[in-house]
Structure formats: structure tokens, C-alpha cells
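Chemist: predicted model and sequence below, questions to follow.
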Amino acid sequence: MTITGIVVKNIIRKLLAGDDYRSEVVALINAKFLEYVIDFFERVVSAKLKNIEVTGDWYEKEFLASSLEKEDIAHHAGLNMKTINNAYKSTKKEIVVEASLEHYHTLYEAISNLTEQSDVNVTLTIKFRDVSVDLNINESLIVINTLAVKRAALRGGLWSTAGKQVEKPLMMTLCALFQVPIKYYDQQKLPESARESDFFLFDDARIGYRCEVKLSGKGNPESADSIFARSGKILVADTISPTMKQEMDNNNILWVELRTQNGYKRFEEVLNELSIPCQPFRGKLQEDLERILPIILSDDIQTSVTPIIKEGNAEFLIKLD
């Protein structure tokens, strides 16, 4: 799953300003979900019309067909891939199809039993290009359940993706703000296995210091504890609990907490501690970000989490006044 460069830029702006970045991810989830809903309803109309004379379950025939992507089959059946993997210890397509069909039949039977005992009657009418179809209560509940599962999947995927795809652009932005020469954070010489998962700072001896970025939010400040498991040297996070700060200080791990006033400026202390050349930042943050971010990120869909530094002999990514 990818995330647009525009959203990454907005998240970085808010993180460095000490603001809550989460509204950006929520907005992206909403946009992608609404796009999915429109497309899904179009497919429902088409499938319902195409199978209007067919006896049996048109939804199963059209939306649980083995020719579809396995993730789509699972979502249409009201399942997510993690649930299937936990139950069957596999997400091979044949397993996903089997599990989805089994769950769908159980779900449909449960809905049928429920609606037979209820006086509530629901009809979902979908109109597309002057053509409309009506879904009975059973069909409506199946469709609603599918949309709920899809939104949950989008939510989980995008929150995870946001953290991964912000990590390297954020670190490069910090390096640019504090005028760190490119050679001290050029990621292109990393092994291919590490290039997409880690960010390193280097000193003059070319010793690499692993950096972790954790967008934990207020609800889960202790998620930053992966810094210990991965033998990291530097943690940059939006929030860090006092207990975690003390533990990192005790273990000689450097940290930067962004959700504080001018929290990003602590990065200069980190650089000095590692003897990495830098300059104090005395500019206007948002104005300088407007110059830095377009160099690091485009507004397009990001297919890589490692921004490419353009070839050349420049010592700095950008020279700030």
C-alpha cells in the first residue's frame, strides 16, 4: 500500500511544528474508503443486473469468484487476511477462497435467521446512471458488512504505511534543516536489504548509527520500545513517555520528542553527540520546509520509502540562508 507525497509532506510539517499529525492519515483513509465505496456499489449494480434471472446467490457468484484477488475475496466475505492467517496458518489463495466461502455461508445463514425473527425491513437502493437496483435486507447487511471490513483493512494498512513512509523523508528533512552534509546521511550506499527498512547517520569513520522513527501518538507511547529490540542508536518520535526517556538515557540511546515546543531542535544535540557536522537552525521553519520538501518528495504516489538524492557534487541537499 502506498501513500501520496502530499500527505507525507503534511505529516512532516505537523510533526516538526509539534502538532497532531493524525488528521492527515484519517483524511486519507476517508478518501480511499469513499473511492472504494463508489467502485464497489458500481460493481454491485452491475452484478445484480447481470444475474437478475439467475437463481441462487448472485453475490457469491460475482464477489467470491476465485478469479478475484484473494484480499478482495476475503473482504467480500467479511474477513480480513490476518483472521484467515491466524485460523489457517496460511494465506495461500486456495486457503483464502475456502475460508471465505465457509465464512460467507455461515454469515449469510446467521443473517437470514436474524431477519426472519425481526420485524425490521431494510431495502438498500443503489442508483447508477439512471439504473437502480434494490437489495433486500439480507443482501444489504452483507454489503454493509463488507464495507465495514474494508474500512478496517484500510485503516490498519494506512496507519502502518504512514509510519514507514514518513521515516526517511522526515530524517532527511531534519538533516537538511540542520545543514548536515549529504555524505553523513546518504542512504544509497546501504545494502539493498537495509535500504527500505532503516535510516542511518554516519560519522567521519563511516560508522553507521541506526535511527528509528515512531509515530506512536498519545494512545501508545510505549510502542517506541522497538529501539531496544533493533539495537538502534537514535529514536525520533512524536511522543515519548518519561519512563521511556529515562530508560533510553540509561542505555545511551539518543532521542528526539517532536510533540513538544521546538522539540525537533533537540536533533542538533544528537548530531553533536555523534560528532556529525551540523549548524544550528535559526530560520523560519515552515518557510524553509517549503523549500526542502519538494526536493525530497514529489506530490505523486510514493513507491519507495527511500527518497533519492539527485546525483551531483553538491555538499548539501539545500543550502539554507
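Modeler: Happy to help now that I have it.

Chemist: pretty sure Ile126 sits in a strand.
Modeler: Yes. Ile126: assigned to a strand according to DSSP: H, G, I helix; E, B strand; the rest coil.

Chemist: any idea what it is bridged to?
Modeler: Taking DSSP bridges as the rule, Ile126 bridges to Val133.

Chemist: show me what contacts it?
Modeler: Taking CB atoms under 8 Å, 6 or more residues apart in numbering, we find Ile126 in contact with Phe41, Val44, Val45, Ser132, Val133, Leu135. No exception for glycine: its C-beta is placed from N, CA and C like everyone else's.

Chemist: hmm, 7 Å instead?
Modeler: Ile126 sits next to Phe41, Val44, Val45, Ser132, Val133 when contact means CB atoms under 7 Å, 6 or more residues apart in numbering.

Chemist: what mean pLDDT does stretch 137-154 have?
Modeler: Averaging pLDDT along stretch 137-154 yields 92.

Chemist: in it, what's buried?
Modeler: By neighbour count on 16 or more other CB atoms under 10 Å, the buried set for stretch 137-154 is 137-143, 145-146, 149-151, 153-154.

Chemist: repeat for stretch 71-82
Modeler: For stretch 71-82, a neighbour-count test (16+ other CB under 10 Å) marks Asp72, Ile73, Ala74, His75, His76, Ala77, Gly78, Leu79, Asn80 as buried.

Chemist: now do stretch 116-126
Modeler: The neighbour-count check on stretch 116-126 (16+ other CB under 10 Å) flags Leu124, Ile126 as buried.

Chemist: any idea how far apart the tips of it sit?
Modeler: Terminal residues of stretch 116-126 lie 23 Å apart, using CA to CA, to the nearest Å.

Chemist: circling back: closest to Leu16 among the buried residues of stretch 71-82?
Modeler: Taking CB to CB as the measure, Leu16 sits nearest to Asn80 out of the buried residues of stretch 71-82, at 34.0 Å.

Chemist: and the closest one, what does it touch?
Modeler: By CB under 7 Å, 6+ apart, the neighbours of Asn80 are Ala74, Val149, Ala152, Ala153.

Chemist: now do the contacts for the third one.
Modeler: By CB under 7 Å, 6+ apart, the residues touching Ala152 are Asn80.

Chemist: now do the second one
Modeler: By CB under 7 Å, 6+ apart, Val149 lies in contact with His75, Gly78, Leu79, Asn80.

Chemist: so which of those residues are in helices?
Modeler: His75 (DSSP state H).

Chemist: among the contacts of Val149, which pair sits farthest apart?
Modeler: Among those, Gly78 and Asn80 lie farthest apart (CB to CB), at 8.9 Å.

Chemist: tell me which element Trp255 falls in.
Modeler: strand 254-257 (DSSP states H and E).

Chemist: any idea of the mean pLDDT in that strand?
Modeler: 96.

Chemist: quick one: distance of the longest helix out of those in the chain to the chain centre.
Modeler: Longest helix of the chain, by residue count under DSSP H: helix 137-177. Put simply, helix 137-177 sits 5 Å off its chain's centre (CA atoms, centre = their mean, to the nearest Å).

Chemist: again, but for stretch 288-303
Modeler: 18 Å.

Chemist: who's in contact with that stretch?
Modeler: 2-6, 8-9, 12-13, 16, 165, 169, 172-173, 176-177, 307, 317-318, 320.

Chemist: break this structure into its domains for me.
Modeler: 5-156, 180-278 (automatic domain parsing).

Chemist: this completes my enquiry, with thanks.
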